[in-house]
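> Sequence first, then the predicted structure:
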Amino acid sequence: MDYVLTADALTKQYGHFKALDKLTMRVPKGAVYGLVGKNGAGKTTLIRLVCGLQAPSSGSYAIYGRKDTDRDIAKSRRRMGAVVETPSVYLDLSATDNLKEQFRVLGLPSFEGIPELLRLVGLEDAGKKKVKNFSLGMRQRLGIAVALAGDPDFLVLDEPVNGLDPQGIIEIRELVLKLNRERQITVLISSHILDELSRLATHYGFIDQGRLVREISAKELEAACRKCTRLTVSSSAALVPVLDRLGLEYSVISDTEADIYGEINLTELALALAEQNCEIKSIQEHHESLESYYVNLIGGGHE
Ligand SMILES: Nc1ncnc2c1ncn2[C@@H]1O[C@H](COP(=O)(O)OP(=O)(O)OP(=O)(O)O)[C@@H](O)[C@H]1O
């Protein structure tokens, strides 16, 4: 697998406090990688390191296979765009003029690409309006347009939906999905709102107290949170053979309990068990929500 970003034992220490503690992660090419963690977990610190805004205390990371200590790391960074904390835009300029500034900084030869960028982020009608009069969502989208000015194939967004209203959240979500699906941009997006991330992430990294406690694909997470029916029966001998005979997908929890996935014909199941003198004690819908998965992994107290 190709990785756009990898980190190995990455540590950032402030005095005795470790904001990042031997963090290891892998962001696959083409992913929308959701970095999930409570406030203070270390998300922004990680992003600041990867963007070269701060240096690690120990450990390393690599962007497109090039290590942070490589003299040419700047070349890899040129393939990356980022919005860290609040978007860095000029409040007294319009969206177009902000983009012109960024094009100048990047030394791009012409402003030709600007209308297309504005269209992409839904700011084509912003006209001469100054950024200070923009809504938070518009500012955030302009920040993303600025990050896209260098035509990156890796985009890093730090809490992009923080403080946005529902409409603003939807717009950012759709933009991220469009960039990922239509432009094949790999996205690393941090958030403490797992539910929002679950609408776009293909991979997750759960971060807590500076450590990456789990890295999991969306498919794996879905399976871990899959809806099932928990069946409790009286006799352990009958359970597995009956489930096998009915061709059901299941996992055995104990001698007398199993989680069954998919649709079940309850009458058929009850009859088949009764034939084996096995009684059904209880049938319960069982569903580990994303939220409870998160709480089990990281502990309570999150927002
Ligand atoms: N310059 C600094 N000096 C000392 N401690 C710092 C510094 N920067 C960050 N920290 C601490 O490191 C920890 C991680 O902070 P970080 O901003 O990375 O968290 P976060 O996961 O992005 O959370 P948030 O969503 O609140 O921004 C916090 O406890 C923070 O107080």
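It's in. Numbers count the residues shown, from 1 in each chain.
> and residue 92, that's in a helix?
No - assessed with DSSP: H, G, I helix; E, B strand; the rest coil, residue 92 is coil; it does not lie in a helix.
> What residues are bridge-paired with residue 259?
residue 230, residue 251 (DSSP bridges).
> is it true that it touches residue 249?
No - if you go by Cβ atoms under 8 Å, residue 259 and residue 249 don't touch, sitting 9.4 Å apart. (C-beta placed from N, C-alpha, C; glycine too.)
> what's near enough to touch the nearest residue to residue 128 once chain neighbours are set aside?
Distance criterion Cβ to Cβ, 6 or more residues apart in numbering; nearest residue to residue 128, sequence neighbours excluded, is residue 94 at 5.1 Å. With contact set as Cβ atoms under 8 Å, 6 or more residues apart in numbering, residue 94 has these partners: 126, 127, 128, 129, 130, 131.
> Only whichever of these are buried, select them in PyMOL.
In PyMOL syntax, the buried subset of the contacts of residue 94 is picked out as below (16 or more other Cβ atoms under 10 Å):
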select buried, resi 126+131
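> and the residue nearest to residue 128, what pLDDT?
Model confidence at residue 94, given as pLDDT, is 96.
> Surely residue 48 forms part of a strand?
No - read with three-state DSSP, residue 48 is helix and lies in no strand.
> Show me which pair in the contacts of residue 94 is furthest apart.
Largest separation among the contacts of residue 94 by Cβ to Cβ: 127 and 131, giving 12.2 Å.
> mind saving the C-alpha coords of stretch 133-153 as CSV?
The C-alpha coordinates for stretch 133-153 follow below in CSV (Å, rounded to 0.1, in the frame of the first residue of the first chain):
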residue,chain,number,x,y,z
ASN,A,133,-17.9,40.2,6.1
PHE,A,134,-17.9,36.5,5.2
SER,A,135,-19.7,33.9,7.3
LEU,A,136,-17.5,31.4,9.1
GLY,A,137,-18.3,28.7,6.6
MET,A,138,-17.3,31.0,3.7
ARG,A,139,-14.0,31.8,5.4
GLN,A,140,-13.3,28.2,6.0
ARG,A,141,-14.0,27.4,2.3
LEU,A,142,-11.7,30.3,1.3
GLY,A,143,-9.1,28.8,3.6
ILE,A,144,-9.4,25.5,1.7
ALA,A,145,-9.2,27.3,-1.7
VAL,A,146,-6.0,29.0,-0.5
ALA,A,147,-4.7,25.6,0.5
LEU,A,148,-5.6,24.2,-2.9
ALA,A,149,-3.8,27.0,-4.8
GLY,A,150,-0.6,25.0,-5.2
ASP,A,151,-2.7,22.1,-6.7
PRO,A,152,-1.8,19.7,-3.9
ASP,A,153,-2.6,16.0,-3.8
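> Could you tell me which residues make contact with residue 276?
By Cβ under 8 Å, 6+ apart, the neighbours of residue 276 are 235, 237, 238, 241, 242.
> pLDDT score for the second one?
Going back to what we said before, that points to residue 237. pLDDT, residue 237: 84.
> Give me the helices and strands touching the helix or strand harbouring it, please.
According to DSSP states H and E, residue 237 maps onto helix 236-245. In terms of contacts (3 or more Cβ pairs under 8 Å, 6 or more residues apart in numbering; DSSP states H and E), helix 236-245 is packed against strand 249-254, strand 257-261, helix 266-275.
> ok, the residue nearest to residue 139 when sequence neighbours are not counted to residue 37 distance?
Excluding the flanking residues, the one nearest residue 139 by Cβ to Cβ, 6+ apart is residue 87, at 5.7 Å. Distance of residue 87 to residue 37, given as Cβ to Cβ, to the nearest Å: 21 Å.
> who has more neighbours, these two?
residue 37 (25 against 21; other Cβ atoms under 10 Å).
> quick one on the thing from earlier: deepest of the helices and strands packed on helix 236-245, which one?
Mean neighbour count, computed with mean count of other Cβ atoms under 10 Å, is highest for strand 257-261 among the helices and strands packed on helix 236-245, reaching a mean of 17.
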